[in-house]
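> Generate a structure from the sequence data that follows.
(2 chains)
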Amino acid sequence: MFELDLKSRTPISGQIVDNIKELIVSGVLHAEEKLPSVRELAAQLTVNPNTVQKAYSALEQQGYIYISQGRGTFVADIKNITATPAEITDAEIGLRDSISKLYYIGMSRGDAEELLRKLMDERSDWK
Amino acid sequence: MIEVRNVVKKFDGVKALDGLNITVENGSIYGMVGTNGAGKTTIIKNIMGILRPDSGTIRVGGEPVYEMEEVKGKIGYVSDDLYFFPGYTLKEMGSYYGGIYPRWNSERFLDMTKNFALDMKKKLSSFSKGMQKQAAFILAMSTMPEYLVLDEPIDGLDPIVRLKVWKYIINDVAERRMTVLVSSHNLREMEGYCDHIGIISKGRMVIERDLEDLKSDVHKVQVAFREPQENAYEDLNVLHYEQRGSVDLIIVRDKKEKVEEVIGRYKPAVFDMLPLSLEEIFIYELGGVSDEIDGII
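Numbering: from 1, shown residues only, chains lettered A, B, ... in the order given. Take a look at the predicted model:
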């Protein structure tokens, strides 16, 4: 389903969370689609099942997936998901870094605004 | 659960274990690390019931292990100093194990031998050290152990074989909630597979924690301000501070959010925050005992 970077400093459970979120948010995984079980995903990625369990719990808590006893783990309907303050802070830090980069390479403010608008427009589903 | 409580073991009056405590939860992969001579092999031999503690208790699944055959039958063990009966082949060792271990799985034994490409009809003494280690691992896993105790099982194996070993371990943890205690000097690899880490030094437990919790509490931060700031890090728990030109490198033990909030107050020009690797955690957490750390890494 995805690959992990075992050399990365990001904890493995965090990488699993990020990857699955990305697949859901980008529409690769659809609502009500079944996800691999903890065992299957642990075997597939060769990672500790407890780590996968931890990632699934975090995703469930954030509303991206739901666990149906005896049936398995499914992608939730994410239309009503609201970002956590930590997620917003994270995104803000990333954005600030990118903006600093534009500033330091000497891009004009107008060009930067133009670029930002263009990139936002690329997400045609973002109304 | 494997519970080691206050275990003391002396050799010739020297304390190899000095009040050691270890808790391994069921279904966990627990990595035990420490310097040579920290007591890892000694505690493993005590857990296996090969040695008897001078004081303290050891329980595996709630039962004492010393001279208790029934409990020992549930524990698979790969020792650091491998031992096979002289002149035995892997096949002969397999039938011997089959006679002793109640849950011996001969189908798995054959499968694994094939998968690791070992010749079961050759004398084990003709195997290389690495092949002997694989043979010991196959024997241990074929007993379908509830508990798997591994003393430096991966050190000295090639990367392909190591990945195979981990795949088998992970499969059994996932399928049957096997409980694993593994000692190793390979911190990178332990970091990838273990959920709990215990750091032993001089026969005592220094840190025992969930690996991801441990990692999420310590950060490496690079900060630079446009104007020099006084006491900018006052509200943080700084383990290490270093100035590299106009950039400060600090190691902080605090939650990520708190670090962001405190440093954010001063509007830094550069602010990068990275989680630490297990190796780095050792270096900075145990900064006071740096001789030991050189040994661990």
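
> From now on I want contacts and neighbour counts done on CA atoms only, so please keep to that.
Will do.

> and chain B, what are its domains?
What automatic domain parsing lists as the domains of chain B is B:2-212, B:217-296.

> what's the most buried one of those?
Ranked by mean neighbour count, the domains of chain B are led by domain B:2-212 with a mean of 19 (mean count of other C-alpha atoms under 10 Å in any protein chain shown).

> ok, it near chain A or not?
Yes - where contact is defined by C-alpha under 8 Å from any C-alpha of the partner chain, part of domain B:2-212 touches chain A, namely B:27-29, B:166-167, B:170-171, B:173-175, B:192-195, B:212.

> Narrow those residues to those in strands?
Where the residues of domain B:2-212 next to chain A overlap with strands, as defined by DSSP state E, the overlap consists of B:Ile29.

> thinking again about what came up before, export the domains of chain B as a markdown table, with columns for distance to A:Phe74 and mean pLDDT.
A markdown table is the format used below for the domains of chain B (distance: least, C-alpha to C-alpha, whole Å; pLDDT from 0 to 100):
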| stretch | distance to A:Phe74 | mean pLDDT |
| --- | --- | --- |
| domain B:2-212 | 19 | 93 |
| domain B:217-296 | 30 | 81 |
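
> picking up where we left off before, so of the residues of domain B:2-212 next to chain A, which two are at opposite extremes in space?
Across these, no pair lies farther apart than B:Glu175 and B:Glu212, at 22.7 Å, counting by C-alpha to C-alpha.

> B:Leu66 contacts B:Gly49, correct?
Residue B:66: Tyr, not Leu. Yes - counting by C-alpha atoms under 8 Å, B:Tyr66 touches B:Gly49, with 4.3 Å between them.

> Can I get the helix or strand of chain A with the lowest mean pLDDT as PDB, trimmed to CA atoms?
Counting by mean pLDDT, DSSP states H and E, the weakest-scoring helix or strand in chain A turns out to be helix A:85-104, with a mean of 87. Taking Å, rounded to 0.1, in the frame of the first residue of the first chain, the C-alpha atoms of helix A:85-104 are listed here in PDB:
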ATOM      1  CA  PRO A  85      -4.800  22.500  16.600                       C
ATOM      2  CA  ALA A  86      -1.600  20.500  16.300                       C
ATOM      3  CA  GLU A  87      -2.200  19.700  12.600                       C
ATOM      4  CA  ILE A  88      -2.900  23.300  11.900                       C
ATOM      5  CA  THR A  89       0.400  24.300  13.700                       C
ATOM      6  CA  ASP A  90       2.300  21.700  11.700                       C
ATOM      7  CA  ALA A  91       0.900  22.900   8.400                       C
ATOM      8  CA  GLU A  92       1.600  26.500   9.400                       C
ATOM      9  CA  ILE A  93       5.300  25.700  10.200                       C
ATOM     10  CA  GLY A  94       5.700  24.000   6.800                       C
ATOM     11  CA  LEU A  95       4.100  26.900   5.000                       C
ATOM     12  CA  ARG A  96       6.200  29.500   6.900                       C
ATOM     13  CA  ASP A  97       9.400  27.500   5.800                       C
ATOM     14  CA  SER A  98       8.300  27.500   2.200                       C
ATOM     15  CA  ILE A  99       7.500  31.200   2.300                       C
ATOM     16  CA  SER A 100      10.900  32.000   3.800                       C
ATOM     17  CA  LYS A 101      12.500  30.100   1.000                       C
ATOM     18  CA  LEU A 102      10.600  32.300  -1.600                       C
ATOM     19  CA  TYR A 103      11.700  35.400   0.300                       C
ATOM     20  CA  TYR A 104      15.400  34.400   0.400                       C
END
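
> Might you calculate how far the following helix or strand past that helix sits from the centre of the chain?
Using DSSP states H and E, the helix or strand that follows helix A:85-104 in sequence is helix A:109-122. Taking C-alpha atoms, centre = their mean, to the nearest Å, one finds the center of helix A:109-122 at 23 Å from the center of the full chain.

> again, but for stretch A:120-127
Counting by C-alpha atoms, centre = their mean, stretch A:120-127 is centred 17 Å from the centre of its parent chain.

> how about that stretch: buried residues?
By neighbour count with 16 or more other C-alpha atoms under 10 Å in any protein chain shown, stretch A:120-127 contains no buried residues.

> and it, average pLDDT?
The average pLDDT within stretch A:120-127 is 80.

> Please apply the same query to stretch A:38-51.
Looking at stretch A:38-51 alone, the average pLDDT works out to 93.

> and that stretch with chain B, contact?
Yes - when contact is scored as C-alpha under 8 Å from any C-alpha, part of stretch A:38-51 falls within range of chain B: A:Val38, A:Arg39, A:Ala42, A:Ala43, A:Thr46, A:Val47, A:Asn48, A:Pro49, A:Asn50, A:Thr51.

> Wait, the fourth one touches B:Tyr168, no?
No - A:Ala43 is not in contact with B:Tyr168 according to C-alpha under 8 Å; the separation is 9.0 Å.

> Tell me, how many residues neighbour A:Lys7?
Here the count is done by other C-alpha atoms under 10 Å in any protein chain shown, and A:Lys7 has 13 residues near it.

> In terms of pLDDT, where does it sit?
74.

> so when I look at it, I'm seeing a strand, right?
No - secondary structure of A:Lys7 (DSSP: H, G, I helix; E, B strand; the rest coil): coil, not part of a strand.

> for it, what are its contacts?
A:Lys7 makes contact with no residue under the criterion C-alpha atoms under 8 Å, 6 or more residues apart in numbering or on different chains.

> quick one, phi psi at it?
Taking degrees, to the nearest 10, you get phi -90, psi -10 for the backbone angles of A:Lys7.

> repeat for B:Tyr66
Summarising the backbone geometry of B:Tyr66 under the convention degrees, to the nearest 10, its torsions are phi -60, psi 120.

> Then the one 3 residues further on?
Its backbone dihedrals place B:Glu69 at phi -60, psi -40, with angles given as degrees, to the nearest 10.

> How about the contacts made by it?
Neighbour list for B:Glu69: empty [criterion: C-alpha under 8 Å, 6+ apart].

> Next up, identify which helix or strand B:Ile251 is on.
Secondary-structure element containing B:Ile251, defined by DSSP H and E: strand B:247-253.

> CA atoms of that strand as CSV?
Extracted as CSV, the C-alpha positions of strand B:247-253 are listed here (Å, rounded to 0.1, in the frame of the first residue of the first chain):
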residue,chain,number,x,y,z
VAL,B,247,22.9,28.9,15.2
ASP,B,248,22.1,27.3,18.5
LEU,B,249,21.9,23.5,18.7
ILE,B,250,19.9,22.4,21.8
ILE,B,251,18.6,19.0,22.9
VAL,B,252,15.4,19.5,24.8
ARG,B,253,13.3,17.1,26.8
